[in-house]
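Trainee: Sequence and predicted model, in that order:
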Protein chains: 4
Amino acid sequence: MSSSFGRIFRISTFGESHCPAVGVVVDGVPPRMSLTEADIQLQLDRRRPGGNKLGTERDEADQVKILSGVENGLTLGTPIGMMVNNKDQRPGDYGSMSQIPRPSHADYTYQMKYGIHASSGGGRSSARETIGRVAAGAIAEKYLLQEYGIEIVAWVSSVGDHDSTAVDMETITRAQVDANEIRCPDPQAAAKMVAEITASREAKDSVGGVVSCVCRNLPAGLGEPVFDRLEAKLAHAMLSLPATKGFEIGSGFAGARMHGSAHNDPFVKKGDRLGTTTNYSGGVQGGISNGESVYFRIAFKPPATIGQAQQTVDYAGTETTLEAKGRHDPCVVPRAVPIVETMTALVLADLVMLQKIRG
Amino acid sequence: MSSSFGRIFRISTFGESHCPAVGVVVDGVPPRMSLTEADIQLQLDRRRPGGNKLGTERDEADQVKILSGVENGLTLGTPIGMMVNNKDQRPGDYGSMSQIPRPSHADYTYQMKYGIHASSGGGRSSARETIGRVAAGAIAEKYLLQEYGIEIVAWVSSVGDHDSTAVDMETITRAQVDANEIRCPDPQAAAKMVAEITASREAKDSVGGVVSCVCRNLPAGLGEPVFDRLEAKLAHAMLSLPATKGFEIGSGFAGARMHGSAHNDPFVKKGDRLGTTTNYSGGVQGGISNGESVYFRIAFKPPATIGQAQQTVDYAGTETTLEAKGRHDPCVVPRAVPIVETMTALVLADLVMLQKIRG
Amino acid sequence: MSSSFGRIFRISTFGESHCPAVGVVVDGVPPRMSLTEADIQLQLDRRRPGGNKLGTERDEADQVKILSGVENGLTLGTPIGMMVNNKDQRPGDYGSMSQIPRPSHADYTYQMKYGIHASSGGGRSSARETIGRVAAGAIAEKYLLQEYGIEIVAWVSSVGDHDSTAVDMETITRAQVDANEIRCPDPQAAAKMVAEITASREAKDSVGGVVSCVCRNLPAGLGEPVFDRLEAKLAHAMLSLPATKGFEIGSGFAGARMHGSAHNDPFVKKGDRLGTTTNYSGGVQGGISNGESVYFRIAFKPPATIGQAQQTVDYAGTETTLEAKGRHDPCVVPRAVPIVETMTALVLADLVMLQKIRG
Amino acid sequence: MSSSFGRIFRISTFGESHCPAVGVVVDGVPPRMSLTEADIQLQLDRRRPGGNKLGTERDEADQVKILSGVENGLTLGTPIGMMVNNKDQRPGDYGSMSQIPRPSHADYTYQMKYGIHASSGGGRSSARETIGRVAAGAIAEKYLLQEYGIEIVAWVSSVGDHDSTAVDMETITRAQVDANEIRCPDPQAAAKMVAEITASREAKDSVGGVVSCVCRNLPAGLGEPVFDRLEAKLAHAMLSLPATKGFEIGSGFAGARMHGSAHNDPFVKKGDRLGTTTNYSGGVQGGISNGESVYFRIAFKPPATIGQAQQTVDYAGTETTLEAKGRHDPCVVPRAVPIVETMTALVLADLVMLQKIRG
């Protein structure tokens, strides 16, 4: 009973893998914004499996339909309902697995929570749930860019043990990120990541990775002390995504090994504002943006569904072997890139609007 | 405008460093629980500076007073107001710093957000704000232990580059954690951590660290898909604490380097429930507890206030040097231990109550 | 930005008169409830114009489609998305009125609030917005009846100056209410009401009325002190409906003229519980249900859209005359009956679930 | 578990009749407002029993103490904690009634809800709970007056069967209201009301009444469609007050008897805005303020606690007679006047801030 996110720019998503449709209601969209389905479709296409050779083969066109809140290409300030039809509503592929909870998947926990689970297993833990988020995030992004020039760019910074070299966070663009299928702007690392994923698929295995994200041109003052600090909302948003295991902002866990004399970001004058010479803080101090770029990283575990035979038990506790059928995505991070951008945009749109109250 | 946390077990905190009092209103406490100020005081004493030789010298007795919601030692089910007086209400020590925003502190961002800041600087970013949380958390902990046998234990797992060896998460107790002043249950690592903090203080510097936490005896089924997944709420809670830079659950960032075949936790029968043979998931799958222990780690940066001279600028942008006066805590992690337990208890109490609706 | 209602059983509606669809996302529906579109359609048909000879002629089939949250006829505990297509998406009929805000309608205030308004005028103030509510309310009603035997029945108790005689609130049924088109269970009053509405239509005028509602078999203990008292939530719910001007519970405004010695409801033993001999309280004391029937009344103003010529001004302030074209509903109360039941069910489902936390 | 009210300007109250203190935490107060305890005390004094000859004799100084959020007479934008000590913490007067639930009081329902009740009976249903609200409302009022010139004035418009003649809502002031102890600006009606209350007291009885309220200088555009329409929030706020049985805005229940041709408020040009020639709407259309004065009325039942002997039963169901001891307020409406103003201010402050987001 927590399918809503945000206080002012507030979304409510619905839909499982095999029901008629997935979608979202977005409340709090500013009136008089130009908005069309094409604005939404862009990020939906980036998250789509098959928009990426490395993902699953299952083709889902995922065409969004705007149901309300827009007239003559302008938002009315009223809720925007959006939906995407599910093409394959037959949960057939999953039938054989219905008596065996997949290890590290959500089948078992959904059953324990609800006393029932969707035939496809983990119900709302399906990646298709994120379609509603991405549709809503596209509106948030457009608003942030248009009103504040805020830019959000995410990329793959590691797959398995293969790390990209540092990127220039002040200049990296989505075009650069999308230049290869793995969405890693370091071509040499990208090649190794692709090889790693290919090998994992061939081994009927999966592999984890890390997505990094930067937000530029944020005004100082965003973040609501004390419980809705900017980093707290970002952490909440990111850990609400399937398969996430960690979040760090600025110096992150490496910062916990540093001394204050090295970690502190000295102030300097930057034009008509104060800025900092370093940015270990990740653009946030005391939970409030300071005008520097905000950057953070999210750890994604290897997908739980693998083709290899796994020793486990069924719901009754009887030992058995499970081999997932069909094609499954061996690594989620390339597709996670637009979803991370989405959740970032949703957090920022909400905080920008809350700060307007003090304007 | 976000000083409340929780949906059902809901707290609202108030207070800065130098106002008359800090405190909290706790709504949603179950009726007919036995509760006295002594129940609250225990964790308040653990978080108190001076309850720990390594912390600041400033002595604050921090005696809690229950203002409402309890009669004859029993909760009424109505809001429990609690307060702790601030002893030193004169913001004198901070006067010299009022024109210079301290690097990596919240002075500047509070000024940018509110157009005003408390004389002590970052207002609500003060560690004293956590008193209200800890008072509320003590009630949550008592409820969880009493009703479900849920145990929450946090400890210091690193200071600077000094890591503790792995602890046995299934057995570690608070008594073991409190056996030394650094709250690290590995005595050899603890000695190095103490030396590190002492050296940092002598160098007028500070140092970061990591706090680990385990929750035992959680029933399966806690966590509200999709936005209030258990790990999302924990991440939100932890990153709402001052000085935090990262959160990871289960395998965390290390898990992002693994393959699914190694990372998946196979199911086995454990008594009358299913359990797992490994626990890379950290006790949570699809955002819902699975009945195994939940464990996670939080990165704390080195405190921003240091005695060393720092090159920086004042609010007007003029270059200057800043040396913090007085005594300041060179490392927050020992005191953070009960605060991490507090935020964990607040998250769990809320999720336990939400799940009761489905009972 | 307030298109959601409820804390646990929580709905989010979307849609205007002339967009592609109206609908709702319902979060917090209990899992394992049997649910089909037929369960929903029943109340949608009762609210439909044309399901009632006295209403507008505009025929809208209003067939609901369940998009998510239900599989094999059982709820999954996940959000239930529902939609109803708008047949006529051309806002043609309203074109002539676009420069003139209709008196006592929402055209002007929507324009002032949002700086834009839907071509049909008051956007979300349209009666079609209530479709999403009614669809959600049908689920709430089913849950309340099934789990607690709670019955909710509303009826028309006045139209213009024509009042029904008192009905027996302990026995009245929906079948009795629906026995005539005006939904007034007093046949003689009903005849006068029909005549009044017919006369109003012929005079190109409209007329107001009152809807009464009773809830039976409520357990004692519902209502959340202090801000979500049962009557406060009901008042909120009812005044959120278009065209409402007042709410009273139990003795209501007449009770303000009474003395305590007459108004107090003495307790008596009723089986294994305490009950009261009178019920001026309307089943609620201190904001909490006491086990007696809850009853209340809602005042609806005459619809603002009338065919008569009205002297008014356009948006520029120039004097003009307005005559609404097309057919408009001269009285909303017959159609309001299922909508009042809906809002009641939404309030009660939420409060029942909140009280389960204390169970 | 609903002791909070408001989305942005959000209050959380605490306290029963006989606990150490009552109070409130106010989140969302704008920064840099001048604020002292004297600003708060004004309305607290107006609500105080004994500030009014007709009320109870029990003297409670009710001096407010600001605990946080204000420094050097200016708000910091952080939560403002406030408390008022309860003088008499001994629940002695109520001991004799502890086995008998008072008819039409909250003793029984609190017991049924929580399985426990405060020794004074209805716990949070006590009038003392409103102290926290009034303290918070004083801040809201100051903000609304200062920033928008918004004026809120309430008065007693009936006691028992004695109605005041219509007052001029565009000019009435609090000074005029406070000119007599009954707070009715019609002196002749006031005299009859005083006589009615005196007679009720002498008869050990109580009597109900109605409070009216007007808000002037509201900008157009306040109110959040569809669930937080202005009138819905006002109704919620007013029915959350103890002893309320009804709410009506503008034409109210009388409007339900009218035709649209008479009820519609024609637009005219008023300076640089549109206004209306009549105001049956009560300043609100489609749930949004239209720039005209908003006015409404609240019905209060006669207080349940009376000195007369009442036939009733005890908790065990045994017949008994109850005579309330001590002095009790025979009519709440004079004291309700500042409380109604308070709740109005809380609603408006929140809606004003929400509308700033669209500014």
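Mentor: Yep, that arrived. Numbering: from 1, shown residues only, chains lettered A, B, ... in the order given.

Trainee: use CA for all of it now, contacts and neighbours both
Mentor: Fine.

Trainee: for the stretch 51-200 of chain A, which spans come out with low pLDDT?
Mentor: Across the stretch 51-200 of chain A, the ranges flagged by pLDDT under 70 are A:51-60, A:88-97, A:121.

Trainee: all strands in it, in order from the N-terminus.
Mentor: Residue ranges of the strands in the stretch 51-200 of chain A, as given by DSSP state E, counting those that start in this stretch, are A:65-66, A:70-71, A:74-75, A:80-85, A:151-159, A:162-163.

Trainee: pLDDT value on the most far-flung residue of chain A relative to its centre, please?
Mentor: Most distant from the centre of chain A: A:Thr318, at 36.4 Å, with distances by Cα atoms, centre = their mean. In this prediction, A:Thr318 carries a pLDDT score of 96.

Trainee: Mind putting the strands of the stretch 51-200 of chain A into a markdown table with distance to B:Arg128 and mean neighbour count?
Mentor: A markdown table is the format used below for these (distance: least, Cα to Cα, whole Å; neighbours: other Cα atoms under 10 Å in any protein chain shown):
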| stretch | distance to B:Arg128 | mean neighbour count |
| --- | --- | --- |
| strand A:65-66 | 48 | 20 |
| strand A:70-71 | 47 | 22 |
| strand A:74-75 | 44 | 20 |
| strand A:80-85 | 42 | 25 |
| strand A:151-159 | 34 | 27 |
| strand A:162-163 | 40 | 19 |
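
Trainee: mind checking which of these is nearest A:Ala243?
Mentor: Using Cα to Cα as the measure, strand A:151-159 is the one of the strands of the stretch 51-200 of chain A that comes nearest A:Ala243, at 14.0 Å.

Trainee: show me what contacts the residue nearest to A:Asp265 when sequence neighbours are not counted?
Mentor: When the adjacent residues along the chain are set aside, A:Asp265 lies closest to A:Thr278, with 5.1 Å between them (Cα to Cα, 6 or more residues apart in numbering or on different chains). Residues in contact with A:Thr278, defined by Cα atoms under 8 Å, 6 or more residues apart in numbering or on different chains, are A:Asn264, A:Asp265, A:Pro266.

Trainee: Contacts only, for the residue farthest from the centre of chain A.
Mentor: Taking Cα under 8 Å, 6+ apart, we find A:Thr318 in contact with B:Lys269.

Trainee: So it versus B:Gly132, what's the distance?
Mentor: 48 Å (Cα to Cα, to the nearest Å).

Trainee: which residues of chain A fall in helices?
Mentor: Shown for chain A, the helices assigned by DSSP state H span residues A:37-47, A:107-114, A:130-148, A:174-177, A:187-202, A:230-239, A:252-255, A:260-263, A:333-356.

Trainee: most packed of these?
Mentor: Burial of the helices of chain A is given as mean neighbour count (mean count of other Cα atoms under 10 Å in any protein chain shown); helix A:230-239 ranks first at a mean of 30.

Trainee: so who does the nearest residue to A:Tyr114 once chain neighbours are set aside touch?
Mentor: Leaving aside its chain neighbours, A:Tyr114 sits nearest to C:Pro31 (5.9 Å; criterion: Cα to Cα, 6+ apart). Residues touching C:Pro31, when contacts are defined by Cα under 8 Å, 6+ apart, comprise A:Tyr114, A:Gly115, A:Ile116, B:Arg358, C:Leu74, C:Thr75, C:Leu76, C:Gly77, C:Thr78.

Trainee: JSON lines for the contacts of A:Thr278, including neighbour count?
Mentor: As requested, those are arranged in JSON lines below (neighbours: other Cα atoms under 10 Å in any protein chain shown):
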{"residue": "A:Asn264", "neighbour count": "26"}
{"residue": "A:Asp265", "neighbour count": "25"}
{"residue": "A:Pro266", "neighbour count": "21"}
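
Trainee: need these in a markdown table with pLDDT, can you?
Mentor: A markdown table is the format used below for these (pLDDT from 0 to 100):
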| residue | pLDDT |
| --- | --- |
| A:Asn264 | 98 |
| A:Asp265 | 98 |
| A:Pro266 | 97 |
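
Trainee: tally of neighbours for the nearest residue to A:Thr13 once chain neighbours are set aside?
Mentor: Nearest non-adjacent residue to A:Thr13, counting by Cα to Cα, 6+ apart: A:Val24, 4.2 Å away. The number of residues packed around A:Val24, counting by other Cα atoms under 10 Å in any protein chain shown, is 32.

Trainee: same deal with A:Glu323?
Mentor: The burial metric for A:Glu323, expressed as a neighbour count using other Cα under 10 Å, is 16.

Trainee: so how far is chain B from it?
Mentor: Applying Cα to the nearest Cα, to the nearest Å, one obtains 11 Å for the distance of A:Glu323 from chain B.
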